[in-house]
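[1] here you go, sequence then predicted model.
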Amino acid sequence: MKKIISLVLLSILVITNAVAQSKKMEKSLWKAAKKEAKALKKEGWKADSSMPLENILFEHYKKLTTEGNHELVGNVIGNTSVQTLNQGQQWATTMVCISYAKEAGILVRGRLAAEVGAAVNGGPSADSFYEGYESKVEKEIQGEIKKSFALYKEKKEGGIDYKAFFIVNEENAHKARIRAMQMAMEESEFARENAERISKYVNEAFTVEQK
């Protein structure tokens with residue numbers, strides 16, 4: 001009986017501690033969200049949403065605390081012809097997918113060349129595979145990225161700057177890269193000849209460098 005009581009008390013202690021840690025984390029995230037929202041507003045950014053910016057940021061930060069979740073940012077800023085929020089959203093999504101696909105291709109190309117160098121037959125067949133792989137990653141990853149929130153800023157000369165923030169889960173992204181590799185491999189003799197090495201690097205996680 002005493003053992004059961006001890007286990008119950010231990011369980012209560014663990015749960016209580018977990019709740020306390022969760023509240024502490026949320027308090028910290030809310031503080032960070034308010035600080036960032038203030039800075040963004042000062043720069044002229046507005047939320048592409050009816051919700052207050054600090055609330056949007058807080059929810060975004062919470063998503064990033066989930067293991068395997070990463071942030072991707074689509075920047076549509078500068079000399080662009082974007083006039084509407086819908087255009088900005090479309091451009092941002094396209095740019096994120098292209099950036100992700102290029103990073104995936106660079107990883108495989110760079111690691112493969114560094115490891116085996118001249119031992120791998122390169123030339124047009126290799127370039128064709130890399131291009132095909134990137135193209136397929138771009139299409140596959142689009143179904144895995146989830147828009148979290150977006151910001152826009154009106155430009156003096158007309159039109160808007162726009163940036164959208166997305167969440168991608170590495171496990172889902174990994175599956176997308178595998179699907180892309182399998183499709184590209186069906187079309188490439190170079191890929192089939194180097195399937196084991198290529199698969200090794202397709203399986204690696206990576207972070208897209210935000211520009």
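    Sure thing, it's come through.
[2] nearest residue to the middle of the protein?
    Nearest residue to the geometric centre of the chain (Cα atoms, centre = their mean): Leu72, 3.6 Å.
[3] is it true that it lies in a strand?
    Yes - using DSSP: H, G, I helix; E, B strand; the rest coil, the assignment for Leu72 is a strand.
[4] in space, what's closest to it - neighbours in sequence excluded?
    Among residues not flanking Leu72 along the chain, Phe166 sits closest, at 4.4 Å (Cβ to Cβ, 6 or more residues apart in numbering). All C-beta spots, glycine's among them, are computed from the backbone N, C-alpha and C.
[5] in terms of pLDDT, where does that neighbour sit?
    pLDDT, Phe166: 97.
[6] what sits opposite it in the beta ladder?
    When bridges are called by DSSP bridges, Phe166 pairs up with Leu72, Lys147.
[7] count the neighbours of it for me.
    23 (other Cβ atoms under 10 Å).
[8] next secondary structure after the worst-scoring helix or strand of the chain on mean pLDDT?
    Ranking every helix and strand in the chain by mean pLDDT, DSSP states H and E puts helix 2-42 at the bottom, with a mean of 69. Where DSSP states H and E defines the elements, the next helix or strand beyond helix 2-42 is strand 46-47.
[9] following the chain past that next one, name the next helix or strand.
    Using DSSP H and E, the helix or strand that follows strand 46-47 in sequence is helix 53-64.
[10] so for that next one, what's the average pLDDT?
    Averaging pLDDT along helix 53-64 gives 95.
[11] buried sites along that helix?
    Neighbour counts using 16 or more other Cβ atoms under 10 Å place Leu53, Glu54, Asn55, Ile56, Leu57, Phe58, His60, Tyr61 of helix 53-64 among the buried residues.
[12] for these, which one is nearest Glu196?
    Closest approach between those and Glu196, by Cβ to Cβ: His60, at 38.8 Å.
[13] if I look at that closest one, how far off is Lys42?
    19 Å (Cβ to Cβ, to the nearest Å).
[14] now render the buried residues of helix 53-64 as a markdown table, adding distance to Tyr100.
    Formatted as a markdown table, the buried residues of helix 53-64 follow (distance: Cβ to Cβ, whole Å):
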| residue | distance to Tyr100 |
| --- | --- |
| Leu53 | 26 |
| Glu54 | 28 |
| Asn55 | 27 |
| Ile56 | 23 |
| Leu57 | 23 |
| Phe58 | 25 |
| His60 | 18 |
| Tyr61 | 21 |
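[15] could you work out the most separated pair of these?
    For the buried residues of helix 53-64, with distances taken as Cβ to Cβ, the pair at the greatest spread is Leu53 and Tyr61 (12.4 Å).
[16] okay, now Asn194: neighbour count?
    Using other Cβ under 10 Å, Asn194 has 20 other residues around it.
[17] I'd say it and Leu112 touch.
    Yes - when contacts are counted by Cβ atoms under 8 Å, Asn194 is listed as touching Leu112 (7.1 Å).
[18] for the residue nearest to Leu72, what are its contacts?
    Each residue near Phe166 by Cβ atoms under 8 Å, 6 or more residues apart in numbering is listed here: Glu71, Leu72, Val73, Gly74, Thr93, Val96, Ile145, Lys146, Lys147, Ser148.
[19] thanks again, I'm all set now.
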